[in-house]
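Asks: Predicted coordinates and the sequence they were generated for:
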Amino acid sequence: MKYVLEARHIDKHFKKPVDFHVLKDISFTVRQGEFATVMGKSGSGKSTLLYILSTMDTDYTGELYLNGGLVTGKSHQILSRIRNEHIGFVFQFHYLLSEFSVLENVMLPGKKLGARTEEQIERDAREKLEMLNIGYLAEKRASRISGGEKQRVAIARALINNPTILMGDEPTGNLDSYNAENVLQIFTRLKEEQGLSLLVVTHDLDFAQRTDRIIEMEDGRIIKS
Ligand SMILES: Nc1ncnc2c1ncn2[C@@H]1O[C@H](COP(=O)(O)OP(=O)(O)O)[C@@H](O)[C@H]1O
Ligand SMILES: [Mg+2]
């Protein structure tokens with residue numbers, strides 16, 4: 001069985017202002033093509049965990065494997081490459097560059113990775129936008145589109161390098177129910193049609209219950225998975 005993500009005994013302390021044991025012995029796996037959600041009260045450590053799993057935070061103990069390879073202890077340069085190649089990330093707020101066009105926003109991580117020509121990246125970006133039914137937005141400025149459209153652009157951007165796993169920290173937290181439903185359907189389609197793996201933090205129980213699995217956190221621990 002192929003794991004795209006494996007966390008083994010991850011522990012983390014925040015040391016300031018006082019020592020705080022924020023993550024306690026976190027171990028779990030995500031399989032290829034699995035859609036998992038993380039739920040838990042505010043402050044239970046979900047965002048802190050996702051920061052570690054997406055290789056952005058390296059200050060922890062335990063081991064993290066992505067695609068079967070050990071990630072823990074690698075240099076920042078290698079981590080940046082791994083992140084660009086293997087991980088797509090969608091946040092609650094979209095963080096699009098408002099002065100740039102939708103197309104340019106989607107192309108950016110592709111240019112950063114530098115594995116394809118600019119022409120190829122543009123073709124791929126248009127294809128991602130088409131797949132999310134927003135091809136017609138390509139030439140628009142990111143500041144000129146609606147909130148639901150922005151989040152779909154952010155998903156297209158997260159997919160531009162064909163990641164192994166898509167991670168989201170409350171990606172529907174800022175959306176109305178119509179647009180939240182749209183995002184859930186997009187995620188489900190990506191799993192079913194492309195075998196994408198997803199790990200998404202959500203507050204929305206309806207959303208979580210329609211995914212393969214709910215990982216429940218409380219006080220820095222996984223209490224159910
Ligand atoms: N940089 C930090 N320094 C100290 N404590 C932090 C820091 N970031 C988050 N925390 C604390 O860690 C706990 C978990 O935070 P977080 O991972 O954001 O929770 P969640 O995403 O589940 O709401 C909270 O009690 C929060 O106050
Ligand atoms: Mg959070």
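Replies: Here it is on my side, so go on. Ligands and ions are numbered 1, 2, ... in the order given.
Asks: my read: residue 163 touches residue 83, true?
Replies: No. With contact defined as CB atoms under 8 Å, residue 163 does not reach residue 83; the gap is 9.2 Å. Heads up, the C-betas are built off the backbone N, CA and C, glycines and all.
Asks: gap between the residue lying closest to residue 96 once chain neighbours are set aside and residue 130?
Replies: Nearest non-adjacent residue to residue 96, counting by CB to CB, 6 or more residues apart in numbering: residue 142, 4.1 Å away. Distance, residue 142 to residue 130, using CB to CB, to the nearest Å: 18 Å.
Asks: Looking at the two, which is more packed in?
Replies: A count of neighbours by other CB atoms under 10 Å puts residue 142 above the other of residue 142 and residue 130, at 22 against 13.
Asks: Pull the contacting residues for the more buried one.
Replies: Contacts for residue 142 (CB atoms under 8 Å, 6 or more residues apart in numbering) come out as 96-102, 105, 150, 153.
Asks: same question, residue 92
Replies: Contacts of residue 92 by CB under 8 Å, 6+ apart are 169-171, 173-174.
Asks: Buried ones among those residues?
Replies: 169-171, 174 (16 or more other CB atoms under 10 Å).
Asks: pLDDT, distance to residue 146 and secondary structure added to the residues you listed, as TSV?
Replies: Compiled in TSV, the buried ones among the contacts of residue 92 are given as follows (pLDDT from 0 to 100; distance: CB to CB, whole Å; DSSP: H, G, I helix; E, B strand; the rest coil):
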residue	pLDDT	distance to residue 146	secondary structure
169	96	21	strand
170	95	19	coil
171	93	16	coil
174	89	12	coil
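Asks: Quick check: of those residues, which lies closest to residue 187?
Replies: residue 171 (8.3 Å; CB to CB).
Asks: Chain neighbours aside, what residue packs nearest to that closest one?
Replies: In space, and not counting its chain neighbours, residue 171 is closest to residue 90: 4.3 Å by CB to CB, 6+ apart.
Asks: So the one you found is in contact with residue 155, correct?
Replies: Yes. Using CB under 8 Å, residue 90 is in contact with residue 155, at 5.7 Å.
Asks: Specify the local secondary structure of the most centrally placed residue in the chain.
Replies: The chain has residue 167 as the residue nearest its centroid, 1.9 Å off, counting by CA atoms, centre = their mean. Going by DSSP: H, G, I helix; E, B strand; the rest coil, the secondary structure assigned to residue 167 is strand.
Asks: now what about the longest helix along the chain, what contacts it?
Replies: Longest helix in the chain by number of residues (criterion: DSSP state H): helix 177-194. Here helix 177-194 makes contact (CB under 8 Å, 6+ apart) with 33-35, 132, 147-148, 151-152, 155, 159, 166, 168, 171-172, 175, 196-198, 200, 204, 207, 210-211.
Asks: Please export the alpha-carbon coordinates of that helix; CSV is fine.
Replies: In CSV, the C-alpha atoms belonging to helix 177-194 read as follows (Å, rounded to 0.1, in the frame of the first residue of the first chain):
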residue,chain,number,x,y,z
SER,A,177,-22.6,27.5,1.4
TYR,A,178,-23.0,27.6,-2.4
ASN,A,179,-19.3,28.2,-3.0
ALA,A,180,-18.3,25.8,-0.2
GLU,A,181,-20.3,23.0,-1.8
ASN,A,182,-18.6,23.9,-5.1
VAL,A,183,-15.1,23.5,-3.5
LEU,A,184,-16.1,20.2,-2.0
GLN,A,185,-17.3,18.9,-5.3
ILE,A,186,-14.0,20.0,-7.0
PHE,A,187,-12.0,18.2,-4.3
THR,A,188,-14.1,15.0,-4.7
ARG,A,189,-13.7,15.1,-8.5
LEU,A,190,-9.9,15.5,-8.2
LYS,A,191,-9.8,12.5,-6.0
GLU,A,192,-12.0,10.4,-8.2
GLU,A,193,-10.8,11.4,-11.6
GLN,A,194,-7.1,11.9,-10.9
